[in-house]
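Undergrad: heads up, no residue letters with this:
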C-alpha cells in the first residue's frame, strides 16, 4: 500500500496549491456496477489545514475512493471553523471533515452565535473516536478531578473547542471554572508547556501530543485524571455540557500503554458532516463506499483503524446521524434501538435550539449585537433546560 508515501508527498507539496485532487480521470465514477456504491464522478470535501490529522485522513480516504471507484476528490483545507463550514452550507462542498465546530454550529455558540449564523441544521455520516484527557505532573499530588478545586488549570485563549472539553471534565467532578484558578494562555503550545514551566497544575489535551511524552519522561512524571465509566452522575453532568462525549479507555499516549491504560473520554475527530437535506441515496452510498474501501486506507495512519463502522458509526456524536447513514448502519447490523433513541433526543435538542433562535431573532430587532448575544444565551439555556 502506498498511501503513506502519498500523504508525505501531499504535505511536501502543500505550498503549491490550495486544494488537492485525488482519483483517476474520467467522465463518470462506477455507478453501482456489480454492487459497488453509486458515487458522483467528482466531489469536494472541506477539511482542516494541510498537515493536520483531519487533512491526512481525508487524503487517505480520497485516494482509496479514487482507486476503488474512480471518483475524483478535491479537498479544500481551511484553518478556521467558518472556513470549513461555509463551503458545506453553500453547497460548494458535499462533505466536511470537521471537529467540534460541528457541535458549536449546531448549538449556535462560539463563532456561530453571531446573527448571521445561529444553530445550523447539520447531520453526521460517521466520525472517528479520538481521546482527550486532563493531565498533571505525578509529583503534584493531584490524583482525582475533584482535587483540581483551587488549582491552576490551563485554558487557551481563542480555542473554544479545547476549553469546552476542560469545562466538561470539571463538570464531571461537580466543579466549574469558578472553582479553579483558570489561567488563560495565549496559544495552545503555551498551554501545553505550562506544567513543565510551573505555570499551571493541570491542562487538557489529546494524549499523543509531544508535551505529554516529554512530561512523562521527565523527573516529574505524568498522571492522567481518570473518569470512571461507572460514575453515572458524573457522566450526566459532563454530557450536559457536551452530549457528544463518551467514556473511552486509551492505551496510547504519554505515560499510557496497553499495560497502563487510562479511562478518559472520546469525542469525534474528524467527522464526516453534511447538511440535513443532503440526498439520502448519496449519503447511503458514501458510507457504503467508506466501509468497503476500509482495507485500502486503514493503515494510512495509526488512528485510521478507528474508522471501522462499529466504532465510527455509533453515537454519541456532535449532531444527529443522517437518515441515509442510519439505513446503511441498520443493514450492517450496527444500529440499535438505543442508538435510535439517542438520535431522536439529539434531533429534539437541535430542533428546539433552532426554534429558540428564530424567536430570539424576531424579538431582538434593532438591538445591539451585545444585547442580542445576552438574549440568545438566556433563551438557549431555557430551551435546553426545557427538554
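TA: Great, that's in hand. A quick note: this is a predicted structure, and the numbers were derived from the prediction, not measured.

Undergrad: Show the subsequent helix or strand relative to the longest strand along the chain.
TA: Looking across the chain with DSSP state E, the single longest strand is strand 122-137. Counting by DSSP states H and E, the next helix or strand C-terminal to strand 122-137 is strand 152-156.

Undergrad: how about low-confidence regions in the chain?
TA: Within the chain, the ranges that satisfy pLDDT under 70 run 1-34.

Undergrad: Tell me where it has helices.
TA: With DSSP state H applied, the chain shows helices at 3-12, 53-69, 81-89, 101-107, 160-172, 188-193, 210-217, 232-241, 280-292, 294-297, 309-312, 323-331, 337-363, 369-385, listed in chain order.

Undergrad: Is it possible to get CSV of these that adds distance to residue 203?
TA: C-betas here are computed from N, CA, C, even on glycine. Formatted as CSV, the helices of the chain follow (distance: least, Cβ to Cβ, whole Å):
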stretch, distance to residue 203
helix 3-12, 28
helix 53-69, 20
helix 81-89, 22
helix 101-107, 21
helix 160-172, 8
helix 188-193, 6
helix 210-217, 8
helix 232-241, 18
helix 280-292, 34
helix 294-297, 32
helix 309-312, 27
helix 323-331, 35
helix 337-363, 29
helix 369-385, 27
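
Undergrad: deepest of those helices, which one?
TA: helix 101-107 (a mean of 26; mean count of other Cβ atoms under 10 Å).

Undergrad: So which elements touch that helix?
TA: Secondary-structure packing of helix 101-107 (3 or more Cβ pairs under 8 Å, 6 or more residues apart in numbering; DSSP states H and E): helix 81-89, strand 122-137, helix 160-172, helix 337-363.

Undergrad: Quickly note the distance from the residue most central in space within the chain to residue 52.
TA: Nearest to the mean C-alpha position of the chain, counting by Cα atoms, centre = their mean, stands residue 99 at 3.0 Å. Remark: distance between residue 99 and residue 52 (Cβ to Cβ, to the nearest Å) = 9 Å.

Undergrad: still on that earlier bit, correct me, but the residue nearest to the centre of the chain touches residue 48?
TA: Yes. Applying Cβ atoms under 8 Å as the test, residue 99 and residue 48 come out as touching, 7.2 Å apart.

Undergrad: residues bridging contact with those two, i.e. touching both?
TA: Common contacts of residue 99 and residue 48, defined by Cβ atoms under 8 Å, 6 or more residues apart in numbering, comprise 54, 270.

Undergrad: so what's residue 141 up against?
TA: By Cβ under 8 Å, 6+ apart, the contact list for residue 141 reads residue 147.

Undergrad: Let me see the backbone angles for it.
TA: Note on residue 141: its backbone torsions stand at phi 80, psi 10 [degrees, to the nearest 10].

Undergrad: was I right about residue 144 contacting residue 227?
TA: No. The criterion here is Cβ under 8 Å, and residue 144 misses it with residue 227 at 10.0 Å.

Undergrad: Between the two, which has more neighbouring residues?
TA: Neighbour tally, residue 144 and residue 227, criterion other Cβ atoms under 10 Å: the higher count belongs to residue 227, 24 against 9.

Undergrad: which residues touch stretch 247-257?
TA: Outside stretch 247-257, the residues that reach it (Cβ under 8 Å, 6+ apart) are 129, 131, 133, 135, 206-209, 211-216, 221-224, 227, 229, 235, 258, 261-266, 302.

Undergrad: hmm, I was thinking of stretch 299-315
TA: The contact list for stretch 299-315 (Cβ under 8 Å, 6+ apart) reads 1, 3-4, 7, 53, 56-57, 60-61, 126-130, 244, 252, 268, 287, 290-291, 294, 297-298, 321, 325, 329, 332, 334-335, 339, 342-343, 346.

Undergrad: so what's residue 112 up against?
TA: By Cβ under 8 Å, 6+ apart, the contact set of residue 112 is 81, 104-105, 118-120.

Undergrad: Could you rerun that using 6 Å?
TA: 104-105 (Cβ atoms under 6 Å, 6 or more residues apart in numbering).

Undergrad: Return the distance of it relative to residue 347.
TA: For residue 112, the distance to residue 347 - Cβ to Cβ - is 18 Å.

Undergrad: swap in residue 49?
TA: Separation of residue 49 from residue 347 (Cβ to Cβ): 31 Å.

Undergrad: Now the residue nearest to the centre of the chain: closest residue in space, sequence neighbours ignored.
TA: With sequence-adjacent residues excluded and distances taken as Cβ to Cβ, 6 or more residues apart in numbering, residue 99 is closest to residue 269, at 4.3 Å.

Undergrad: Quick one: neighbours of that neighbour, just the number.
TA: The number of residues packed around residue 269, counting by other Cβ under 10 Å, is 24.
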